[in-house]
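Give the three-dimensional model of this entry:
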Amino acid sequence: MSLVLHLHELHVQVKDISGKLPGKHWHHCYLAHHKKSIHTHKPWNLDPKHAQNFDKITVKGYFDLQEGLNKKYNGISTAHNWNMDENGAQMGGDQNGDGSKFIFATEDHSFYCQHSDNIELVTILKCINAAGAMMSPYFVLKEGPLPDGTDPRLEGME
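Sure, this is the predicted structure:
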């Protein structure tokens, strides 16, 4: 994983090196001068449990295991080489809001909209194989997995 540095930490490091605290907007000039190698960006959140697998040794180990399986079984067909992705979603009770604006009467000074504080977390599993075939998404709710209604094995079940 690359170095991540908050602008405040950059100012502190400059003070440690030079003995002087740089100006409040000094970093703008610094970033403009080094724009080919560094830039600012809002970071994406990464769970520490997932981050522990983002290192070269773990990734190399995975591909070594996959290469060993390919050699052992004379290659694994792309139709049998699957990748699964897991995403989480929150249903209802949006705590942050999506920034949508609403229309209110000009004399109205109470800008409230009702919404439920009832939230439910859902895990969504998606699978695709190396040949490009995709499975239908699989939803896992608090009560357990939600069956895929398009699965022919479930026909006639209520």
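
Would you agree K126 falls within a strand?
Yes. Under DSSP: H, G, I helix; E, B strand; the rest coil, K126 sits within a strand.

residues contacting it?
84-85, 87, 134-135, 137-138 (Cβ atoms under 8 Å, 6 or more residues apart in numbering). Where C-beta positions appear, they are placed from N, C-alpha and C, glycine not excepted.

now, which of those residues lie within helices?
Here DSSP state H is the test, and the contacts of K126 give no hits in helices at all.

Tell me the one among the residues you listed nearest to D16.
Closest approach to D16 among the contacts of K126 (Cβ to Cβ): N87, at 40.9 Å.

re earlier: from the contacts of K126, keep the buried residues only.
Using 16 or more other Cβ atoms under 10 Å as the burial test, those include Y138 as buried.

As TSV, the contacts of K126 with distance to V59 and pLDDT would be great.
Formatted as TSV, the contacts of K126 follow (distance: Cβ to Cβ, whole Å; pLDDT from 0 to 100):
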residue	distance to V59	pLDDT
M84	17	88
D85	16	87
N87	21	84
M134	24	89
M135	25	88
P137	26	86
Y138	26	84
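
For S37, state which of the contacts of K126 is nearest.
Using Cβ to Cβ, the contacts of K126 come closest to S37 at D85, 31.4 Å.

separation between the residue lying closest to L141 once chain neighbours are set aside and F63?
Counting by Cβ to Cβ, 6 or more residues apart in numbering, V122 is the residue found nearest to L141 once chain neighbours are left out, at 5.8 Å. Noted for V122: a distance of 32 Å to F63, by Cβ to Cβ, to the nearest Å.

Among these two, which residue is more densely surrounded?
Neighbour tally, V122 and F63, criterion other Cβ atoms under 10 Å: the higher count belongs to V122, 14 against 9.

Let me know the average pLDDT across the helix or strand containing the more buried one.
Using DSSP states H and E, V122 maps to strand 120-129. Taken as a whole, strand 120-129 has an average pLDDT of 86.
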